[in-house]
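In: build me a structure from this.
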Amino acid sequence: MPRPDVAWVGFFMLVTLGWIALIRVSSAEATQHQVGWRATFAMWTLMSLVMMSTTAVPVLGALRNILRTGSIAVWWMFVATYCAMWIGFALFATSVQRILTDFGWVEDHRSALWLSGVLLLVAGAYQFSALKENCLTQCVAPMTFFMRYWRDGIAGGMKMGIRHGLTCIGCCWALMLLALVGGMSNILFMALSAIVMAVEKFPAIGKRVTVPLGVMLLMGGVALLALQFIFGAQPTNHLHN
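Out: Numbering: from 1, shown residues only. Here you go, the predicted model:
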């Protein structure tokens with residue numbers, strides 16, 4: 001019987017613990033009306049790391065195969081720097097949420113509906129962009145990515161982790177920001193989002209998901225904005241009240 005890969009065992013243990021922590025934190029935040037910005041950043045960080053580590057399994061698997069007889073430290077450095085890129089995204093997302101909250105576009109129900117429609121349209125349109133296509137191509141072909149950008153040693157693992165982290169952000173940033181629509185305390189939304197983004201990165205079927213997903217997001221955004229327009233809901237700005 002083959003011995004279990006220590007790297008994978010450690011990785012999946014961390015991801016599992018991350019999902020457990022995310023469920024507990026999201027449940028706690030769902031019962032609170034006011035959450036500090038440090039807690040919001042912590043939530044974005046935990047959500048980004050857990051969800052995107054789940055979607056990164058194909059590229060991590062390809063790297064593990066390449067390094068089967070090499071240093072495991074290179075693999076972990078890649079994982080660490082990949083995660084660091086998503087922590088940076090979490091800081092960006094927290095800043096966006098704070099700006100939107102300061103302008104009254106999150107807590108006010110009518111404004112939040114307008115915001116949701118716009119975010120759905122942005123995410124849907126981005127599915128058809130050249131940047132999305134380029135980033136997704138690198139995500140669904142990890143061996144091609146490593147053949148093109150391979151660097152040796154631990155420093156090389158760091159450089160490749162940074163590059164792939166940025167590529168992954170380029171692929172998924174718009175879908176991740178839909179957490180502002182689905183709710184950061186909605187664990188079902190986060191789980192479904194992680195599954196969709198993971199499927200989109202699988203080599204055999206990834207690109208077949210992109211267009212239908214983009215169409216559904218656009219239809220959802222148009223429908224939501226149309227309903228707001230028909231029923232006369234106007235976005236409000238609490239700063240001017």
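In: point to the residue nearest the middle of the protein.
Out: By CA atoms, centre = their mean, the mean C-alpha position of the chain lies nearest to residue 176, the distance being 4.1 Å.
In: correct me if wrong: it contacts residue 48.
Out: Yes - using CB atoms under 8 Å, residue 176 makes contact with residue 48 at a distance of 6.7 Å. For glycine as for every other residue, the C-beta is placed from the backbone atoms N, C-alpha and C.
In: joint contacts of these two?
Out: Taking CB atoms under 8 Å, 6 or more residues apart in numbering as the criterion, residue 176 and residue 48 both touch 89, 93.
In: contacting residues for the residue nearest to the centre of the chain?
Out: 48, 51-52, 89, 93, 193.
In: mean confidence score for the lengthiest helix in the chain?
Out: The longest helix of the chain (DSSP state H) is helix 72-102. Helix 72-102 comes out with an average pLDDT of 93.
In: mind checking the SS state of residue 203?
Out: Assigned with DSSP: H, G, I helix; E, B strand; the rest coil, residue 203 falls in the coil class.
In: ok, for it, nearest residue in space, not its chain neighbours?
Out: residue 140 (4.9 Å; CB to CB, 6 or more residues apart in numbering).
In: quick one: that neighbour from residue 59, how far?
Out: Applying CB to CB, to the nearest Å, the value for residue 140 to residue 59 is 9 Å.
In: likewise residue 133?
Out: 17 Å.
In: of the two, give the one with the bigger neighbour count.
Out: residue 59 (24 against 13; other CB atoms under 10 Å).
In: for the helix or strand of the chain with the lowest mean pLDDT, buried residues please.
Out: Least confident helix or strand, the chain: helix 179-182 with a mean of 78, by mean pLDDT, DSSP states H and E. Neighbour-count burial for helix 179-182 flags 179-181 (criterion: 16 or more other CB atoms under 10 Å).
In: now stretch 75-89
Out: By neighbour count on 16+ other CB under 10 Å, the buried set for stretch 75-89 is 75-79, 81-83, 85-86, 89.
In: as CSV, the residues you listed with distance to residue 203 would be great.
Out: Formatted as CSV, the buried residues of stretch 75-89 follow (distance: CB to CB, whole Å):
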residue, distance to residue 203
75, 20
76, 24
77, 24
78, 19
79, 20
81, 23
82, 18
83, 22
85, 22
86, 22
89, 24
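In: from these, pick the one nearest residue 144.
Out: Within the buried residues of stretch 75-89, the smallest distance to residue 144 is 16.2 Å, found for residue 78 (CB to CB).
In: residue 205 contacts residue 196, doesn't it?
Out: No - in this structure, residue 205 is not within contact of residue 196 by CB under 8 Å, at 11.8 Å.
In: show me whatever sits in contact with both of those two.
Out: Between them, residue 205 and residue 196 share no contacting residue, judged by CB under 8 Å, 6+ apart.
In: quick one: which of those two has more around it?
Out: More crowded of residue 205 and residue 196, by other CB under 10 Å: residue 196, with 14 against 11.
In: report pLDDT for the more buried one.
Out: For residue 196, the model assigns a pLDDT of 88.
In: right, and it touches residue 210 too?
Out: No - because the distance of 10.4 Å does not satisfy CB under 8 Å, residue 196 is recorded as not touching residue 210.
In: low-confidence ranges, the chain, go.
Out: 1-4, 29-35, 106-108, 182-185, 232-241 (pLDDT under 70).
In: where do the helices sit along it?
Out: Going by DSSP H, the chain shows helices at 6-30, 37-55, 57-66, 72-102, 109-126, 130-140, 142-149, 153-177, 179-182, 187-200, 206-230.
In: what comes up buried for the third one?
Out: By neighbour count, and taking 16+ other CB under 10 Å as the criterion, the buried residues in helix 57-66 are 57-60, 62-64, 66.
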